[in-house]
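Asks: show me the folded form of this:
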Amino acid sequence: MPINKKSYVPLYAQLLDILIEQMDNGKLKAHDKLPTEKELCERYQVSRTTVRQALDELEKMKRIYKQQGKGSFVAPFENEASKNKVNFINVVEAIKKMGRKPSTIVADFQIRDLIEIDIARALEYQAGKKIYAIKRIRLADRDPVMLEETYLPADRFSGLENEDLESESLHHILQRNYHLVNMSFKREFRAVLPNKEQAKMLKAEKGDPAMQMMTQGLSGGHPFEFTKAIVKGELPLYLLDT
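Replies: Numbering: from 1, shown residues only. Predicted structure coming up:
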């Protein structure tokens, strides 16, 4: 995947995306040494500042570790052993680990027809059937750090609209009230620039880069949830849960 210098996505974010993809598809494995800064500059025709920004972000995400005098290496990652199937720490706990106070706002809650092809595929659910569409904002010390849009089959989770999703974990509710077992999650993420509405909800400046994370929830190997999240850089991706 080449760097597109005409793209609105910052160069370091594009390089970050490329390196994450190489780690996720196995081209770069745990403890592999990354190319040097000079090699990355030459390979992708970018500045050393761009390379360092991308590597700093990878280190914050715990995807690489650095050894003085030796370079940067791929860090072991949960989804490597399980082919991108992971169990996440609750996002509330993740924000607490940052030393900040977590809270959640349910910005929108709808029961509507499923019309989006990508959501239908992720849920293995027929277009035209009813789904829950839930939009939540995650805050750290009242500062928005993540915007989530979660979709679930309405016929499978009847009554979910009566639950308090601002004070309790969605997954705890699903386990307790709907008897979901053996939950696991597949995720993909890439660098993005939030659109106007997303930036407004996240209180982000125009042009601020973020990460988009798409999560498919599975129970017994069958999908029950699909979530699209826009994550600001201050929230470590590896800690996320929905």
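Asks: what's the next secondary structure element after the worst-scoring helix or strand of the chain on mean pLDDT?
Replies: Least confident element among the helices and strands of the chain, by mean pLDDT, DSSP states H and E: strand 85-86 (a mean of 38). Using DSSP states H and E, the helix or strand that follows strand 85-86 in sequence is helix 91-97.
Asks: now do the buried residues in that next one.
Replies: Val91, Val92, Ala94, Ile95 (16 or more other CB atoms under 10 Å). Just so you know, the C-beta spots here come from the backbone N, C-alpha and C atoms, and that holds for glycine as well.
Asks: now do stretch 213-221
Replies: Buried residues in stretch 213-221, counted by 16+ other CB under 10 Å: Met213, Thr215, Gln216, Gly217, Leu218, Ser219.
Asks: which members of these occur in strands, if any?
Replies: The strands, defined by DSSP state E, take in Met213, Thr215, Gln216, Gly217, Leu218, Ser219 from those.
Asks: my guess is Ile115 contacts Ala127. True?
Replies: Yes: in this structure Ile115 lies within contact range of Ala127 using CB atoms under 8 Å: 6.4 Å.
Asks: the more surrounded of those two?
Replies: Taking Ile115 and Ala127 together and counting by other CB atoms under 10 Å, Ala127 has the greater number of neighbours (13 against 10).
Asks: specify the beta-bridge partners of the spatially most central residue of the chain.
Replies: The chain has Met213 as the residue nearest its centroid, 2.7 Å off, counting by CA atoms, centre = their mean. With DSSP bridges as the criterion, Met213 is bridged to Phe189, Ala229.
Asks: and it, how far is that from Leu15?
Replies: 18 Å (CB to CB, to the nearest Å).
Asks: surely Gln110 touches Ala133?
Replies: Yes: in terms of CB under 8 Å, Gln110 counts as a neighbour of Ala133; the distance is 4.5 Å.
Asks: so the two - more neighbours on which side?
Replies: Between Gln110 and Ala133, Ala133 has the larger neighbour count (other CB under 10 Å), namely 19 against 14.
Asks: just the element for that one, please.
Replies: Element membership for Ala133, per DSSP H and E: strand 130-140.
Asks: now do the buried residues in that strand.
Replies: Using 16+ other CB under 10 Å as the test for burial, strand 130-140 gives Ile131, Tyr132, Ala133, Ile134, Lys135, Arg136, Ile137, Arg138, Leu139, Ala140.
Asks: this protein: helices as residue ranges?
Replies: 11-24, 37-44, 48-60, 78-81, 91-97, 117-123, 170-178, 196-202 (DSSP state H).
Asks: looking at the ones you listed, which is buried most?
Replies: helix 11-24 (a mean of 21; mean count of other CB atoms under 10 Å).
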